[in-house]
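Structure of the sequence below:
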Amino acid sequence: MESLKEKTARGLLWGSLSNGIQQLLNVVIGIFLGRLLDTSDWGMVGMITIFTAIGACLQEGGFIAALNKRKGATHNDFNAVFWTSLGIGLTFYILMFVCAPLISAFYGVPSLTPLTRYICLSFLISSLSTAPRAWLFRNMMVRETSIMTIISLAVSGIVAVAMAFAGMAYWGIATQNIVYISMVTLLSYHFSGWRPNMRIDLRPVREMIGFSSRLIITNVVNIVNLNFFSVLLGKFYTTSDVGNYTQANKWNTMGSSLISNIIYGIAQPVFTKVEEDRDRQKAVLRKLLRFTAFITFPLMLGLSLVAKEFIGHVSDTRNDKQRN
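The predicted structure is shown next:
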């Protein structure tokens, strides 16, 4: 059995490697898509991001964190979360399918109706992966999670670029999201080895709902705060304005998200394992803070030094596309 220190070090190593590769892939894919798509294409997806993000939050239900915190979690606990998540995902998809024309009417963009109904299929697909992803998270299987994420990102990026090259515009962005979630779902079952069964007992969910509901409220408030401006832009301005804002915001947060994703992948499981030892919790926190500062300070300083040239290059590729 590995010690907690060894698991944490291995998790940080794989988290750093994984997130570095992910950001590199995001940059490459973003540059290709920036040349092939107009800002209005990004705006079409950006206008419904708040709805898809809230749906994903409700579907996941905070159960990944709740299962990680639950002492002696059994297969029955994971199975209860699987069926609950699937039920929530199906319910929210039906709701979004019915409300898609209302969203379209709110923005005054008729083509948002089929796009909303298509992209919200991700709720159904993602609901199937909540339990196996929770298994990977609880057991600190960071290497497997890293491989899963990188493969999913690469495959979905290739699909998006191919569809954009074929002139399918914002449908390529929507399909990228669905392909990514589908790959994550399939690979989470492969790496975790966990499988659901038909014995549906929802008592564990009722016991976890007090903890998970607080996470849901926090995450929904955060989602609304991050995406509310996109809603206003979509309502009172153009889809191109929404696209410019969402893309600028994505590049702006890319550096900080690299660090936060590394820490998130191991922080909660580690703190859960030492929650009964206050002094050890403090020691773990100090080490994580030192690691974060060690990575963040030079990385963000370097990014600030090359920001003008880097973002200028991305902007130039988009301007060339618009002129052509």
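
Give me the distance between residue 287 and residue 68.
20 Å (Cβ to Cβ, to the nearest Å). Heads up, the C-betas are built off the backbone N, CA and C, glycines and all.

When these two are compared, which one has more neighbours?
Higher neighbour count among residue 287 and residue 68: residue 68, with 19 against 15, using other Cβ atoms under 10 Å.

you'd agree the more buried one is up against residue 136?
No: counting by Cβ atoms under 8 Å, residue 68 does not reach residue 136; the two are 10.4 Å apart.

In contact with residue 196, which residues are there?
Neighbouring residues of residue 196 by Cβ atoms under 8 Å, 6 or more residues apart in numbering: 78, 79, 82, 83, 131.

if you look at these, which of them are in helices?
78, 79, 82, 83, 131 (DSSP state H).

Give me the pLDDT for the fourth one.
For residue 83, the model assigns a pLDDT of 93.

For it, give me its contacts.
So residue 83 contacts 196, 200, 202 (Cβ under 8 Å, 6+ apart).

Number of residues surrounding the closest residue to the last one other than its chain neighbours?
Distance criterion Cβ to Cβ, 6 or more residues apart in numbering; nearest residue to residue 202, sequence neighbours excluded, is residue 80 at 5.2 Å. The local packing count at residue 80 equals 25, with neighbours defined by other Cβ under 10 Å.

Distance check, residue 80 against residue 204.
Using Cβ to Cβ, we find residue 80 at a distance of 4 Å from residue 204.

what does residue 98 give?
31 Å.

repeat for residue 79
For residue 79, the distance to residue 204 - Cβ to Cβ - is 8 Å.

Check residue 49 too.
32 Å.

Please apply the same query to residue 78.
Computed as Cβ to Cβ, the residue 78 to residue 204 distance reads 9 Å.

Helix, strand or coil: sort out residue 196 for me.
coil (DSSP: H, G, I helix; E, B strand; the rest coil).

List phi and psi for it.
phi -80, psi 170 (degrees, to the nearest 10).

Make 435 the starting number, not 1.
New numbering, starting at 435: the last item is residue 630.

Provide the secondary structure category for the residue lying closest to residue 481 once chain neighbours are set aside.
Using Cβ to Cβ, 6+ apart and skipping residues adjacent in sequence, the residue nearest residue 481 is residue 668, 3.9 Å away. Using three-state DSSP, the structure places residue 668 in helix.

measure residue 668 to residue 474 for me?
11 Å.

Among the two, which residue is more densely surrounded?
residue 668 (27 against 18).

Kindly reformat the contacts of residue 517 as TSV containing distance to residue 609.
Below are the contacts of residue 517 laid out as TSV (distance: Cβ to Cβ, whole Å):
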residue	distance to residue 609
630	27
634	33
636	34
